[in-house]
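Peer 1: Pasting the sequence and the predicted coordinates here, then a few questions.
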Protein chains: 4
Amino acid sequence: MSEPIDAHTVREWGERYSNWGRWGADDERGTLNFITPERILAACALPRRGRVISCALPFDDRGPQSGLARRHNPIHYMLAHAGDALAGAQDHLAGGFNYADDAVTMPLQCGTQWDALAHVFYDGRMYNGRDVRLVTSRGARENSIDRIADGVVGRGVLLDLPRLMRRPWLEDGTRILPQDLDACAEAFGATIESGDILLVRTGMMKRCLEQKSWQGYCGGPAPGLSLHCARWLYEREIAAVATDTWGVEVIPNETPDCFQPLHMISLRNTGLLLGEIFQLDDLAEACAEDGNYAFLFTAPPLPITGAVGSPINPLAIK
Amino acid sequence: MSEPIDAHTVREWGERYSNWGRWGADDERGTLNFITPERILAACALPRRGRVISCALPFDDRGPQSGLARRHNPIHYMLAHAGDALAGAQDHLAGGFNYADDAVTMPLQCGTQWDALAHVFYDGRMYNGRDVRLVTSRGARENSIDRIADGVVGRGVLLDLPRLMRRPWLEDGTRILPQDLDACAEAFGATIESGDILLVRTGMMKRCLEQKSWQGYCGGPAPGLSLHCARWLYEREIAAVATDTWGVEVIPNETPDCFQPLHMISLRNTGLLLGEIFQLDDLAEACAEDGNYAFLFTAPPLPITGAVGSPINPLAIK
Amino acid sequence: MSEPIDAHTVREWGERYSNWGRWGADDERGTLNFITPERILAACALPRRGRVISCALPFDDRGPQSGLARRHNPIHYMLAHAGDALAGAQDHLAGGFNYADDAVTMPLQCGTQWDALAHVFYDGRMYNGRDVRLVTSRGARENSIDRIADGVVGRGVLLDLPRLMRRPWLEDGTRILPQDLDACAEAFGATIESGDILLVRTGMMKRCLEQKSWQGYCGGPAPGLSLHCARWLYEREIAAVATDTWGVEVIPNETPDCFQPLHMISLRNTGLLLGEIFQLDDLAEACAEDGNYAFLFTAPPLPITGAVGSPINPLAIK
Amino acid sequence: MSEPIDAHTVREWGERYSNWGRWGADDERGTLNFITPERILAACALPRRGRVISCALPFDDRGPQSGLARRHNPIHYMLAHAGDALAGAQDHLAGGFNYADDAVTMPLQCGTQWDALAHVFYDGRMYNGRDVRLVTSRGARENSIDRIADGVVGRGVLLDLPRLMRRPWLEDGTRILPQDLDACAEAFGATIESGDILLVRTGMMKRCLEQKSWQGYCGGPAPGLSLHCARWLYEREIAAVATDTWGVEVIPNETPDCFQPLHMISLRNTGLLLGEIFQLDDLAEACAEDGNYAFLFTAPPLPITGAVGSPINPLAIK
């Protein structure tokens, strides 16, 4: 794995690990297709404790965004609240009924989130060969997040790399190789199966939370998946992969002439759902506690019509 | 059930069907506490087909809102898209990498949604006796939606009233009584158990979608739960109840001097999670198909800090 | 003026009435250049009464927008208010100091507004020959509204066509020809001079306000300037023209194969500032009262960096 | 002026320098009433050069806000742009017509701005004795910014304190006393007259721009008006006062037990319009150049219904 890789490699591997056409020309679900009814039933059989663990970072103004790519943290506005009742502004409601109501303004990928298959592209094409010109100011007409409204439910597997390596977190720039994923799964007794949703923990979020600083979290150096994982993810028929980092991939990227190359291969060609900014610390504790790293996992996106991503609250059910 | 009911009744029943203190003075989860680990495991054992059905209405500008209470439909903005790539505005990204990104501005209760326990109140108190002054322009400091970030997972039961009544939808103003709920469950072979999440279908959304008009959907006359359901919901230890209408309750309300009285009793006193604007038509089809009206149900709210509601994509797993 | 006109005419006239290069290759002010220091001084000498009249429609949810081109009315959110003080949420402020604060979400052209020179374009070019690819998701890098931050101040002239025609408003579809503009100015004793800002009143807004309906106001049939005004506006060296309609031009447009052709000629080629949704009724009353249709006029845009339009509060000072 | 002042002083002076009732119980314009028609005409006679200078800081994401009081910088979204045209998303528009369109989300007081008379209050009352309960989540029902839609036009006077003191800017914490204002006016040959709009330059914004850091600008230590100016502003019948700082007043405030005491006296009691975050550097240059510190000044607020402030683009016309 030491040969130099670059933008040419990305395009070559992109063709090699492509699922375009695999589920028909109309497919907009990509690797979620690996989650067959049988696998859903098998995933439902996993829970042993009846415990639910959220993998979402709270959505608020203490979030990780600092303006990169014009992403800001969620802005929460109240439309009505108890103060209105005290001021008499709800007296028109009969019977003493009072209420609070609110709104949010947020980039869809500012926090815990799924990338839609329309999120990245190159050479004029996105997943399944679709023309990128379908993605304009009016949103994505195809491959948008609402096309997977009945996802994501399946078998989740946590790969807790810091625990494997007996350190609090992986250093920035640490690349995670396919053999690391295999070793981690094996060490914790978790098999990797077709249709699995992999949650790869690097500890980076824990570090930021402990150090009370998101400095560098968004777009800066980070531990993450090596580009060499593209083949592994493809061959293992992984349905989705998510990390506790901003962008799944190791940064600096291994391709000096190509930004986020794993996105280019896996999201565009493999049709692999990518999850980012997952909060995996509580789940890691729970898995360590019971020694069980596979669980029922559900993370339904909001079906915002034409959206290229969605904030989510992923739940692991153990 | 023919005695007149009014705001006094509401307060009296509110005390009678109160769960304040039942799970401790610190409790912010209300009836979700009925969903014990055992019940979660039992719910996970329900699926037979491995099929997932979304109960969310798409979030977009064709939604039901028309300005009532200053709620508008979601506004979706693109932050970057393929047109930018075509215009050369993404040339700074190496390797031909292009991306699309987006944002949303939306009232949290403009579409398919959970009400948080901080959503309604009277006499200065909200669920579990908390002072309403905790709910201000900075959001709800207690009883907010983020406090149930590890919910909602459990046994869902669909009560498809139009199917029971062999009509396409219930007429506006139709009140649904406890015996209707029982009859419906029985007719379709679904028991009602402690910790259940009830999805009550009235057909009103189907009517609006078929007639291509949301006229009157928000706040206008609607079929819905009678106030007499308050006791039933309390005694049956229901964890959550949701409908395909704007506000769960029958409108006009049965209490001429009190607005949305069931909210006042069930949400504030019983601590019952209420879901609104659920799209239950696909689920109804699926249940009719296999004759099975109970399923694993999951509808995680976005943990927006301090929010009094959350848009959701509820999933039924059969 | 009876020969048929179409998209070819538009391009031909566009070349004919072009000011590209007239004020240098770097110019981003267009016809505002006609407002020389001398003309500003002359405009300042006009007021006789010391009266100020606003030409803005209030910005609120009762505005004219109904979703065309995804424009919505302004959404006003409070960030803090008296209710917070009553709820004790401002007790951290010393000395009993309380405050209210607020925010807005609004399309920049949803109400009374200037179009920036980057607002319309064709054949890949906008005003002064600039490449349209300068206008992307990150805003307009040139010809944006902030480039005229030190405008608009000059001599305003009201052309009150309904008053001339002794009717409450012009019918939808009425085209206003150059001779109508001349006749109107003459009838009310107002000369037209180089650098003038013309406010053309059709009465359409008055009709909508009286009938309490904006139906058709945005994008529907409307009275407005004929395409034949393009030459007149160019030759008279008009600095800006604004109307009480949605789009300045007569609708249906006179060119069956070309949308908003006057924008294409006047804004893109002449570099003429266009103002829309002006509330001219109060001003019309005041002018009729004193018989003076020329005044000092000021309508500074908000210098929102990269914006292609700006809400404004235009003031006539008589 | 060395006696200690505190919250008691504020209330006492508040009564002393009150204009409540001065212009009738219905008045919502406060000291703008000092700008009589005569004064407007006199202001119009001031310009000698025909030059217009904007006093607005650009509205964009490089603005001064950093989250204090939940104020963020403006967020600019494109609704349509040239990339859409390139992607074919505007092909439905006839004749090759293309356009760009945009929107903004912004706190109304995040940049150059007027405070409305409903912005601050204490003891349950705001300007002219109005009940603060008029200011709720639905905005201010009285004293809102739209009530001064036909302002602000009058005689502006720049008081350039750094120039007087021959230094680039006043140090943080420097309090500006009435005698400083008098001395500055006198030094630069500008009289102070009833109805004047005073622009007080401290140089703080210049420092932030030069040092490329807004650190501390919002709410931190700053030069500004001493509370002792309250009487001077009242007696001189000043119509409005604005500074190049976040909050007009010296910070730390002179009243240890009272936040922003000058706001409490001058805005609430005197009914004095306050302007903040004005960019006065260009104007200072122009005044130094021609030695003329009085000018025609116009800064119309956007009449956002019920708003408690408005972004503005103030223009000085010399």
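Peer 2: Done, it's in.
Peer 1: dump the residue contacts of residue A:263.
Peer 2: By C-beta atoms under 8 Å, 6 or more residues apart in numbering or on different chains, residue A:263 lies in contact with A:115, A:119, A:120, A:247, A:248, A:249, A:274, B:97. For the C-beta atoms, the positions are set from N, CA and C on the backbone; glycine is no exception.
Peer 1: What's the separation between it and residue C:294?
Peer 2: 61 Å (C-beta to C-beta, to the nearest Å).
Peer 1: same deal with residue A:277?
Peer 2: Taken as C-beta to C-beta, the span from residue A:277 to residue C:294 is 60 Å.
Peer 1: Distance check, the closest residue to residue A:85 other than its chain neighbours against chain C.
Peer 2: In space, residue A:85 comes closest to residue A:98 once its chain neighbours are excluded; the distance is 3.9 Å by C-beta to C-beta, 6 or more residues apart in numbering or on different chains. Taking C-beta to the nearest C-beta, to the nearest Å as the measure, residue A:98 falls 11 Å from chain C.
Peer 1: ditto for residue A:198
Peer 2: 32 Å.
Peer 1: Same question for residue A:286.
Peer 2: 36 Å.
Peer 1: What number of residues are in the vicinity of the residue nearest to residue A:55 when sequence neighbours are not counted?
Peer 2: Nearest in space to residue A:55, with sequence neighbours left out and distances taken as C-beta to C-beta, 6+ apart, is residue A:314 at 4.1 Å. If you count neighbours by other C-beta atoms under 10 Å in any protein chain shown, residue A:314 ends up with 27.
Peer 1: And the pLDDT at residue A:314?
Peer 2: Per-residue confidence at residue A:314 stands at 98 (pLDDT).
Peer 1: Residue A:249 now?
Peer 2: pLDDT at residue A:249 comes out at 98.
Peer 1: Please name the bridge partners of it.
Peer 2: residue A:225 (DSSP bridges).
Peer 1: what about it, how many residues close to it?
Peer 2: Counted with other C-beta under 10 Å, residues neighbouring residue A:249 total 28.
Peer 1: residues in contact with residue A:59?
Peer 2: Counted by C-beta under 8 Å, 6+ apart, residue A:59 has contacts A:74, A:104, A:106, A:110, A:111, A:112, A:311, B:302, B:303, B:304, B:305.
Peer 1: rerun that using 6 Å as the cut-off
Peer 2: Going by C-beta atoms under 6 Å, 6 or more residues apart in numbering or on different chains, residue A:59 touches A:74, A:111, B:302, B:304.
Peer 1: Would you reformat those residues as TSV and include neighbour count and pLDDT?
Peer 2: Listed next are those as TSV, based on neighbours: other C-beta atoms under 10 Å in any protein chain shown; pLDDT from 0 to 100:
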residue	neighbour count	pLDDT
A:74	23	98
A:111	28	98
B:302	27	98
B:304	29	98
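Peer 1: Closest one to residue D:210 out of those residues, please.
Peer 2: Of all these, residue D:210 sits closest to residue A:74, with 33.3 Å by C-beta to C-beta.
Peer 1: How about the residues of the stretch 51-200 of chain A by chain C?
Peer 2: By C-beta under 6 Å from any C-beta of the partner chain, the residues of the stretch 51-200 of chain A that approach chain C are A:77, A:82, A:83, A:84, A:86, A:87.
Peer 1: okay, now the first one: neighbour count?
Peer 2: Per other C-beta under 10 Å, the neighbour tally for residue A:77 reads 25.
Peer 1: Which secondary structure element is home to it?
Peer 2: Counting by DSSP states H and E, the element that carries residue A:77 is strand A:75-80.
Peer 1: Run the angle between that strand and strand C:75-80 for me.
Peer 2: Counting by axes from the mean of the first three to the mean of the last three C-alpha atoms, to 10 degrees, strand A:75-80 lies at 90 degrees to strand C:75-80.
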